[in-house]
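In: need the 3D shape of this:
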Amino acid sequence: MSRSNLWKKAGLGAALLAVIAAPQALQAVRAAPERLPGALPARIAAGKPFAAVCKAGEIADSRPDPAWVGASFAHDNCWAPRMPALLDGAAAKREQILAGMAAEKSYLALSDAYQRCIADFVAFRKAQAANRPADGPLLAIETHRIFVSQENKKKAANQIEVAINAFNEYGSECPDK
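Out: Residues are numbered from 1 along each chain as shown. Below is the predicted model:
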């Protein structure tokens, strides 16, 4: 056996031992958790060791999108419609819920028109660029704008659904029985 083969085998053996020992070495380095001084946190003392869990179907993210997402890009003359206003279904009157439903329906139609506008613009630009390579950044941005519009349609539908459910549970103005 040559000297280089001997060193290779020794090196491989050492590497294998290092890999096997690594998890145990990392365990030894981990710090012990800190103990809270004195009394237990109020949540645990009250018999509620876990934080509240949100109900399913609640609005997950209602933050507005950056302004550039809805603005016209590259002179496409496509402008995103404004999201419908949030409704507090527990405090809303029947007329407000009906108006919210109509606003959501209108928003969905305007969003579809917005997405068609972008798709038509992209098709026009692709036709113009038949002899040269497609404009990758433009296509990526326009595709992102369509994706955001689709997500906003889901948000709008979810918002009115949450408002309707809250109205039916808490604010339906039904007399107590």
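In: give me the below-cutoff pLDDT ranges for this protein.
Out: Low-confidence segments of the chain, defined by pLDDT under 70, are located at 1, 16-19, 21-64, 134, 171-177.
In: can you show me the strands along it?
Out: Per DSSP state E, the chain carries no strands over any range.
In: let me see the ranges of the helices in it.
Out: Along the chain, counting by DSSP state H, helices occupy 3-29, 42-45, 67-70, 94-128, 136-170.
In: okay if I get these as JSON lines plus distance to Ala80 and mean neighbour count?
Out: Quick note: C-beta positions are derived from backbone N, CA and C, even for glycine. Written out in JSON lines, the entries for the helices of the chain read as follows (distance: least, C-beta to C-beta, whole Å; neighbours: other C-beta atoms under 10 Å):
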{"stretch": "helix 3-29", "distance to Ala80": "49", "mean neighbour count": "9"}
{"stretch": "helix 42-45", "distance to Ala80": "42", "mean neighbour count": "10"}
{"stretch": "helix 67-70", "distance to Ala80": "3", "mean neighbour count": "14"}
{"stretch": "helix 94-128", "distance to Ala80": "5", "mean neighbour count": "15"}
{"stretch": "helix 136-170", "distance to Ala80": "6", "mean neighbour count": "16"}
